[in-house]
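Novice: sequence and predicted structure, then a few things I'm wondering about:
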Amino acid sequence: MPDGVIMVVILMVFAFIINLPFGYRRSRERRKSPKWFMYIHIPIPFVVLMRYNLHMDIRYLPLSLAASIVGQYIGGRL
């Protein structure tokens, strides 16, 4: 695999895994409460920092966003 593909996979796996516990916690809160919003938004800076540390372009934002949403969804289903 080329290095770029590996970096994209690392970013997506990181975004997915970091969102699992936050999705779990979010699912136990009242919808649209302050904690509910907090659990959605706390992982965002970590994913952005990982993208920055991997020197990835902004064009990979949709992939990391998709992985984050799937992580939140699956975490909420656990």
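Specialist: Sure thing, it's come through.
Novice: CA atoms for contacts and neighbours, from now on please.
Specialist: Will do.
Novice: and the helices in this structure?
Specialist: 3-27, 34-41, 43-53, 61-77 (DSSP state H).
Novice: adding mean pLDDT and mean neighbour count, write these out as CSV.
Specialist: Shown next, in CSV, are the helices of the chain (pLDDT from 0 to 100; neighbours: other C-alpha atoms under 10 Å):
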stretch, mean pLDDT, mean neighbour count
helix 3-27, 95, 19
helix 34-41, 96, 15
helix 43-53, 95, 15
helix 61-77, 96, 18
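Novice: roughly how far does the closest residue to residue 70 other than its chain neighbours sit from residue 43?
Specialist: Distances taken as C-alpha to C-alpha, 6 or more residues apart in numbering put residue 16 closest to residue 70, at 6.6 Å, once the chain neighbours are dropped. Separation of residue 16 from residue 43 (C-alpha to C-alpha, to the nearest Å): 10 Å.
Novice: next: residue 63.
Specialist: Counting by C-alpha to C-alpha, the gap from residue 63 to residue 43 is 15 Å.
Novice: residue 55 now?
Specialist: 19 Å.
Novice: wouldn't residue 22 be in contact with residue 36 here?
Specialist: No - using C-alpha atoms under 8 Å, residue 22 is not in contact with residue 36, being 9.3 Å away.
Novice: touching both of those two, which residues are there?
Specialist: Taking C-alpha atoms under 8 Å, 6 or more residues apart in numbering as the criterion, residue 22 and residue 36 do not both touch any residue.
Novice: give me every residue that touches residue 55.
Specialist: Contacts of residue 55 by C-alpha under 8 Å, 6+ apart: none found.
Novice: how much space between it and residue 48?
Specialist: Distance from residue 55 to residue 48, by C-alpha to C-alpha: 11 Å.
Novice: list the contacts of residue 15.
Specialist: The contact partners of residue 15, by C-alpha under 8 Å, 6+ apart, come to 47, 64-65, 67-68, 71.
Novice: which one of these sits closest to residue 27?
Specialist: residue 71 (12.2 Å; C-alpha to C-alpha).
Novice: residues in contact with the closest one?
Specialist: 15-20, 23.
Novice: any chance of those in a markdown table, with distance to residue 4 too?
Specialist: Converted to a markdown table, the contacts of residue 71 look like this (distance: C-alpha to C-alpha, whole Å):
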| residue | distance to residue 4 |
| --- | --- |
| 15 | 17 |
| 16 | 18 |
| 17 | 20 |
| 18 | 21 |
| 19 | 23 |
| 20 | 25 |
| 23 | 28 |
